[in-house]
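>>> coordinates for the following, if possible.
(one chain, ligands or ions: 1)
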Amino acid sequence: MADLLSDDEISDQLPAAWDREGDEIVRVYEFDDYLGASGFLAAAAGVAEDAWHHPEMTVRWGECEVRLTTHDAGGITGNDIDMAERLDNVYE
Ligand SMILES: C[C@H](O)[C@H](O)[C@H]1CNC2=NC(N)=NC(=O)C2=N1
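Presented below is the predicted three-dimensional model:
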């Protein structure tokens, strides 16, 4: 099981567009419309399934909010950082 990251490790490793909120990291991806946000969620779900690490995702008009934490560890681990980087690659 992945080990919890320290506060300093989280700060050092968190990708630029992400924020930390307690035991989660979060990013809101922006799109032109609802279908764009929905399509991103579908692609992100496939990446998450492949990695077997699943974010909480909320679709609204023009945006998809993604929250990551490692349930098995009870906080933020390298798995969350890795998934954030993977999803940033899907977005760009
Ligand atoms: C039951 C299943 O093995 C667990 O939920 C796996 C898969 N997906 C997961 N996703 C996340 N975000 N955290 C986990 O600890 C985790 N563990």
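
>>> how near is residue 72 to residue 55?
14 Å (Cβ to Cβ, to the nearest Å). Backbone N, C-alpha and C define where each C-beta goes, glycine included.

>>> higher neighbour count, these two?
residue 55 (24 against 10; other Cβ atoms under 10 Å).

>>> go ahead and confirm that one touches residue 82.
No: the criterion here is Cβ atoms under 8 Å, and residue 55 misses it with residue 82 at 11.7 Å.

>>> any chance you could map the helices in this protein?
Ranges of helices in the chain, per DSSP state H, are 7-13, 34-51, 78-91.

>>> give me the number of residues near the residue nearest to residue 26 when sequence neighbours are not counted?
With sequence-adjacent residues excluded and distances taken as Cβ to Cβ, 6 or more residues apart in numbering, residue 26 is closest to residue 67, at 4.9 Å. Neighbour count of residue 67, defined by other Cβ under 10 Å: 16.

>>> and the pLDDT for residue 67?
As predicted, residue 67 sits at a pLDDT of 98.
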